[in-house]
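>>> just to be clear, the model below is a prediction. Sequence and coordinates:
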Amino acid sequence: MPIHGLWMARAPALAAAALLAGCMTPLEDAREEAVRQREDVLLLQEDIRRLSGRIEGLEMETARLRADLDGLQRRQDADRASTGRGLQAQVEALQQRLQQLDAARQKDREQLLDSLSRKMADILQRSVPAGNAAGRSGARSGSGYEHTVKSGETLSAIAQAYGVRMSAILEANRMSDPDQLRVGQVLFIPEAKP
């Protein structure tokens with residue numbers, strides 16, 4: 001018999017054997033399905049436990065990060081307050097130093113004005129011989145003198161040079177402010193009362 005014929009003769013038997021080898025009873029199918037489902041359930045439970053552990057770890061990490069953030073916020077607030085206090089102290093120190101400098105400058109100014117007034121009075125006294133009323137820019141009817149204001153002169157220096165009070169000069173010239181002197185202004189200086 002040729003090979004082709006042999007094959008054809010045995011094909012139904014081989015097919016039946018293959019069918020029988022691959023065929024399972026419905027009970028075996030149900031058991032195998034139950035085993036697969038149990039394995040799937042166990043795998044799912046393991047996945048759930050693993051995911052639950054990850055979630056718990058993430059929740060702990062989130063809580064730690066929140067605590068760190070709160071700590072950083074408190075530290076930043078404290079730093080801001082500390083920096084603000086430090087800056088405030090620096091500003092106050094600078095203001096105090098400015099006040100000291102202003103006071104020193106005012107004192108220096110007053111000393112300088114007093115010194116200049118004394119020097120001007122001294123110069124005026126030296127330039128006018130004592131008892132010579134005509135030398136004091138011209139006498140006025142024996143009751144006072146005329147004085148032409150020069151650059152740098154102050155009313156206090158002029159009053160001192162003539163030996164009279166500033167208020168008497170202000171009153172005689174109808175002035176209210178001693179700082180209103182102008183270069184070239186002619187002042188009437190009343191005679192000093194003995």
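The structure has been received and is ready for your questions.

>>> quick one: residues in contact with stretch 63-78.
Outside stretch 63-78, not one residue touches it by C-beta atoms under 8 Å, 6 or more residues apart in numbering. C-beta: built from backbone N, CA, C; applies to glycine.

>>> show me how far it is from its chain's centre.
In terms of C-alpha atoms, centre = their mean, to the nearest Å, the centre of stretch 63-78 is found 24 Å from the chain centre.

>>> repeat that for stretch 97-111.
Here stretch 97-111 is found 28 Å from its chain centre; the criterion is C-alpha atoms, centre = their mean.

>>> ok, now stretch 75-90?
Offset of stretch 75-90 from its chain centre (C-alpha atoms, centre = their mean): 10 Å.

>>> same check on stretch 25-41?
76 Å.

>>> same deal with stretch 31-43?
How far stretch 31-43 lies from its chain's middle: 70 Å, per C-alpha atoms, centre = their mean.

>>> burial measure for the residue nearest to Asp179 when sequence neighbours are not counted, as a count.
Nearest residue to Asp179, sequence neighbours excluded (C-beta to C-beta, 6 or more residues apart in numbering): Leu155, at 7.9 Å. Other residues lying near Leu155 total 21 when counted by other C-beta atoms under 10 Å.

>>> my guess is Leu155 contacts Gln185, does it?
No - under the criterion of C-beta atoms under 8 Å, Leu155 makes no contact with Gln185, lying 10.5 Å away.

>>> now do stretch 88-100, average pLDDT.
Across stretch 88-100, pLDDT averages out at 88.

>>> mind listing what's buried in it?
By neighbour count with 16 or more other C-beta atoms under 10 Å, stretch 88-100 contains no buried residues.

>>> alpha carbons only: can I get that stretch in CSV?
Extracted in CSV, the C-alpha atoms of stretch 88-100 (Å, rounded to 0.1, in the frame of the first residue of the first chain):
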residue,chain,number,x,y,z
GLN,A,88,14.1,97.9,62.6
ALA,A,89,17.1,98.0,65.0
GLN,A,90,19.4,99.2,62.2
VAL,A,91,16.9,101.9,61.2
GLU,A,92,16.5,103.1,64.8
ALA,A,93,20.3,103.2,65.2
LEU,A,94,20.7,105.2,62.0
GLN,A,95,17.9,107.6,63.1
GLN,A,96,19.6,108.1,66.5
ARG,A,97,23.0,108.7,64.7
LEU,A,98,21.4,111.2,62.4
GLN,A,99,19.9,113.0,65.4
GLN,A,100,23.3,113.1,67.1
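
>>> now stretch 57-65: average pLDDT?
The average pLDDT within stretch 57-65 is 90.

>>> buried residues in it?
Of the residues in stretch 57-65, none count as buried by neighbour count, 16+ other C-beta under 10 Å.

>>> so, low pLDDT: which residues of this protein?
Along the chain, segments meeting pLDDT under 70 span 1-24, 121-122, 124-142, 194.

>>> give me that answer again for 80
Residues of the chain meeting the criterion pLDDT under 80: 1-26, 81-86, 113-142, 192-194.

>>> show me where it has its strands.
Counting by DSSP state E, the chain has strands at residues 139-140, 144-148, 186-190.
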